[in-house]
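> Let me see the structure of the following:
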Amino acid sequence: MEHNTLQDVDGKFVNLDGERYYKISNVDHMNPFFISVVSASDHWLFISSTGSLSAGRIRPENALFPYKSVDYIHESAENTGAKSIFKVKTNSGASLWEPFNTFHDGLYQVERNLYKNSIGDKIIFEEINHSLKLQFQYSWNTSEQFGFIRQSQLTDLSGDDRQIELLDGLQNLLPPGAPLGALQTRSALVDAYKWNERQQGSPLALYTMYAKLSDRADPAESLLATTVFSLDDDANQILLTSSQIAAFRKGLPIQDETLTKGQRGSYLIHKTIKLEGNQTNSWVIAADIDKNHSDITALNTQIAVPNDIRKQVLSSIEDNQKELVSLMSGADAWQLTAEESTSVHHYANVLFNNMRGGVVENNYTLDKVDVVKTMRNANQTVVAKHQGFFAELADSFTHAELVSGAKQTGDQQLVRLAYEYLPLTFGRRHGDPSRPWNHYEIKLKDEHGDRLLSYQGNWRDIFQNWEAMALSYPGFIKSFIAKFVNASTVDGFNPYRITKDGIDWELLDPEDEWSNIGYWGDHQIIYLLKFLELADKFEHDDLIALLNTETYSYANVPYEICDVDGLFANPKDTVNFNNEKQSLIERKVAELGSDGKLVLNSDDSVYMVNLLEKILVPLLSKLSNLVLDGGIWLNTQRPEWNDANNAIVGNGLSMVTLYYMRRYVSFMQQMLAEAPQYTQLSTQVRDWMIAIEAILADAEASFTAGEVTPKLRYDVLVSLAQAAADYRNNVYPNGSFGSKETVDTAEISKLLNVSLTVLDKSIRNNLREDGLYNAYNIISYAKDSVTVEELYPMLEGQVAVLSSGLLEPLETKQLLDKLYASDMYRQDQKSFMLYPDRDLTPFMEKNQVTKQQITDSNLLNSMVEKGDKRLVQQSTADNFHFNASFENRDYLNAAINSIKGDYPEASEVQWQEINALYEQVFNHKAFTGRSGTMFGYEGLGCIYWHMVSKLLLAVQENYLVALAQDADSEVTKALADYYYRVREGIGFNKTASNYGAFPTDPYSHTPKQAGAQQPGMTGQVKEEIITRFVELGIEVKEGAIQLNPSLLNSSEFLDEAVTFSYLDLQGETKEIPLAVGQLTFTYCQVPFVYQLASDSETSVEVVYEDGSAVTMPNNGLTAEVCQELFSRSGKVSQVRCTVAESTLRS
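Got it, this is the predicted structure:
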């Protein structure tokens, strides 16, 4: 017997089967980690490094392998997914080898490696048995036609002929129709319905529910099957369950299985082979779901011609990869530099950004049928009114032509619909077994099998992905803005979900403890602002014109925020659901289309306002909850970016939102300086604005003159909140606005000016003694008094203040100095936790009430003496404890109310003293939520990679400010260093063992006790796409690109000649030979080729489609050339840039 020797985990890029893969050697010496394997089609495949997996199509309900929580998947390698057992004949008998079976560790000297290809659609498991001199590999691939393809191969490494008996295949295959909930809670009942049968004379097996799970008197036929077949040149048996695995291990005879009932399905090949020296034996298993009788008949016919179907299967895998390459090309996924990990990581960022936000179909060219269908679903009346317009449309046209044509009709309702139309496909919500609470659907095909244009996402997720997409498709920026603001409500918030068919909001479900309603806050300000800033860079004049163009709507969400008294009475319960309005909306949707969810005029036309009003209302909403020196009061039942800070709701004040508001207000000032003097505002909005401005103007003098008193803070907050309540009381009952007023924009400027002064003062006053800035504070209030208490520092707050635009470059450097010296920094990961880890109270030290505290309470003392244990219990002579069933003060008060009658002599003050004692013991006022009580996700000790990427972007923005002020200053150089120091901590710069997963893949978070968790669709990807293009020197101002790669490392230029392959705008594969000292990337799907030069000035040359070349002035591209680039006209074929080495980062 030979034993494993501990070997180091290693990671590197390798060539395998003509592709680039990242190989993790000795992967079994890492903790299990989770991986997302992607597909161009509707497959989803989430696999553990142990080999167990969950996979299926479209949605979790359509699973081939069980969709369970990630911890179950890690632990299920023995019974779910691939299974391989080999009996190797030796001189002394037979050796039993089970690759990837950790229970057999120590039997042989083995090496286990894991490979994932750079494109992300293939994964290979490999075990090399050095003792037996055998190598086994299997891979997972996807095929639109045949489903999930597992290719396996066994290779001799000894040079001698071998006789090997093997059992290999798939376990725990699911039939269609098994309810997801039943599989997760009553799987034994589902097993009882299973019917597994092999087709006679064919390697095809079917796995079905003989009937659907039902307790009703009606029949419930189950008429779809999971299909599995194998392609194997050797004679074999096929087993339909795993029941004979034990017999195989023991050397007992294996019986044929042609039909099994009431057992979990497996598909196992049993065969004996002669493996010649240094040769390979291979076989293929293909599995798919939801096949009807016609599908199965056709598949059987194909299987009957083995040579042809093998070619078809392999070709379909290749076709699926080509389609994935095509989908990624439009969003500029391809880069080639000397730093392969950087280029592959950028591709992965684009891949997962596209998976959340969607992929633009066919550039800006639209399909008439889908345009008409989508607009009719939105508003039947508008489409019927413009039948002539739609009849005259060509079969295909550009998005710009659609908007232009709509404008020519003079109907702003049609223009609104035109702007909102987005030709997106491939997107889905970010759900997987490590976040199973997020349900997703990958809806890529319609009922006819044609590509379906569809998208869906939480509004606070999908818009951030569209921000990155806008860099490659700037022609859709105005559409992204329209989709965003048209979904915002009259009270200044946004609903829960955005889809192609409109908006959705949450409904209360009494059966779901996670069910809730309310509004998030901070995303709204900063995400909208980022789109406005992009519009300013790419289409400044259009943005200014839209400020006065009435093309925008309000969402009519049936949530109603309570009055001021209600806010102060219970700030955690402030949003009421208007069931009557919900019913009215449902009727309007049935009559009109999804526009029925918008605020309507009396004639059922959509109420329309200009962009300036839509930008102003969310600002007014936030200002109405401003606490001087404290932040924005979180009183709409939802937290902000960090969901785990859920308990801050009601008690919390967000400086994060206030920091972003500062940037928002500053940008509005810039826009307003160029806007027309007069604009139209809804009357109620105008009155609200005037009231807020007057309150802030009165407060400004006191605020800036000296310290803010609790009385001043209270008076200002109540006045602001009352102004908002008055506004809502004027709007809610009518469900719309009555009229509009002409407003001098100077009135808006007055609001912005005083707001900026107040916000800046509050920011300065939230600089902490440790040199960091507060992210959130806690509000306390009593009659005529509001006080503010600091919470511990959070990374979120530092990112937001860095993004605010207030700090000068030196202040930015000083803040980063403090941040790296803070307890948030994790040296092991060279990155930052969301907040400092902290020592928590051990269990036996919790819930401790002293004897003195009992004695001080006459009421509790009396209860103890009477032996009444309903509130407190005694464990020792000196130790007492509150009832263990009291989760919080609500439970305590419920118990108090139930026993008050037994103590009629007790005063209300005495009962309140018990409440105060409970708070003293548990300090729930400082409770921030899940963030302080869990140790994964957004919990204690955790790095959340999205926030780190936000920090990366914030540092880069501040570097660019410093660069513009003084490129050669020490502060500018220090900020560049800090940018790369933050970047160094991100996964693609780590080893596999340090990261705990494939380093080039984005993951959501890293807890202290494990490696990277939650693969793929994290918000991290958006910021890194943006920062990467800035690294490469792409800066857009006034519609033109200026190339300034001052953050680009000179080490990225190639040190060997290679060929760059990409898809051009026509979808054709093109190649560019690259020499030493070059690098390349695509932007708007046009290749940019950089040439490093040591002693020349930077110069730019544009190559046109006819082969002609023109040198550009001033190290950039003219607005005219950029228009061709941004519009994807195809006229620009390449951009060449000679980069002086002195301009780069060395």
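
> where does this structure have low pLDDT?
1-6, 513-514, 521-522 (pLDDT under 70).

> domain assignment for the chain?
10-329, 455-803, 843-926, 1032-1146 (automatic domain parsing).

> I'd like these laid out as JSON lines, including mean neighbour count and distance to residue 425.
All C-beta atoms are positioned from the backbone trio N, CA, C, and that covers glycine. Below are these laid out as JSON lines (neighbours: other CB atoms under 10 Å; distance: least, CB to CB, whole Å):
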{"stretch": "domain 10-329", "mean neighbour count": "18", "distance to residue 425": "8"}
{"stretch": "domain 455-803", "mean neighbour count": "20", "distance to residue 425": "8"}
{"stretch": "domain 843-926", "mean neighbour count": "14", "distance to residue 425": "46"}
{"stretch": "domain 1032-1146", "mean neighbour count": "17", "distance to residue 425": "15"}
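
> Any chance of TSV for these, columns distance to residue 936?
What follows is the domains of the chain, written out as TSV (distance: least, CB to CB, whole Å):
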stretch	distance to residue 936
domain 10-329	11
domain 455-803	10
domain 843-926	19
domain 1032-1146	34
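
> for those domains, which one sits closest to residue 389?
Residue 389 lies closest to domain 455-803 among the domains of the chain, at 16.5 Å (CB to CB).

> sorry, back to before: nearest to residue 812, out of the domains of the chain?
domain 455-803 (6.3 Å).

> Distance from the chain centre to the closest one, please.
Chain-centre distance of domain 455-803: 22 Å, with CA atoms, centre = their mean, to the nearest Å.

> Stretch 452-459 now?
Counting by CA atoms, centre = their mean, stretch 452-459 comes out at 13 Å from the chain centroid.

> Run through the helices of the stretch 601-750 of the chain in chain order.
Here the stretch 601-750 of the chain has its helices, by DSSP state H, counting those that start in this stretch, at 611-623, 655-672, 683-705, 710-731, 745-764.

> In JSON lines: the ones you listed, plus distance to residue 391.
Shown next, in JSON lines, are those (distance: least, CB to CB, whole Å):
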{"stretch": "helix 611-623", "distance to residue 391": "31"}
{"stretch": "helix 655-672", "distance to residue 391": "39"}
{"stretch": "helix 683-705", "distance to residue 391": "38"}
{"stretch": "helix 710-731", "distance to residue 391": "39"}
{"stretch": "helix 745-764", "distance to residue 391": "41"}
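
> Out of those, which gets nearest to residue 49?
Residue 49 sits nearest to helix 655-672 of all those, at 35.9 Å, using CB to CB.

> which strands and helices sit next to the closest one?
Packing contacts for helix 655-672, counted by 3 or more CB pairs under 8 Å, 6 or more residues apart in numbering; DSSP states H and E, involve helix 522-538, helix 611-623, strand 631-633, helix 745-764, strand 776-782, helix 795-803.

> Out of those, the one nearest residue 732 is which?
Judged by CB to CB, the one of those that comes nearest to residue 732 is helix 611-623, at 14.0 Å.

> relative to helix 745-764, how tilted is the closest one?
40 degrees (axes from the mean of the first three to the mean of the last three CA atoms, to 10 degrees).

> Now do the contacts for the most centrally placed residue in the chain.
Nearest residue to the geometric centre of the chain (CA atoms, centre = their mean): residue 1018, 3.8 Å. Listed by CB atoms under 8 Å, 6 or more residues apart in numbering, the contact set of residue 1018 reads 352, 430, 945-946, 1002-1004.
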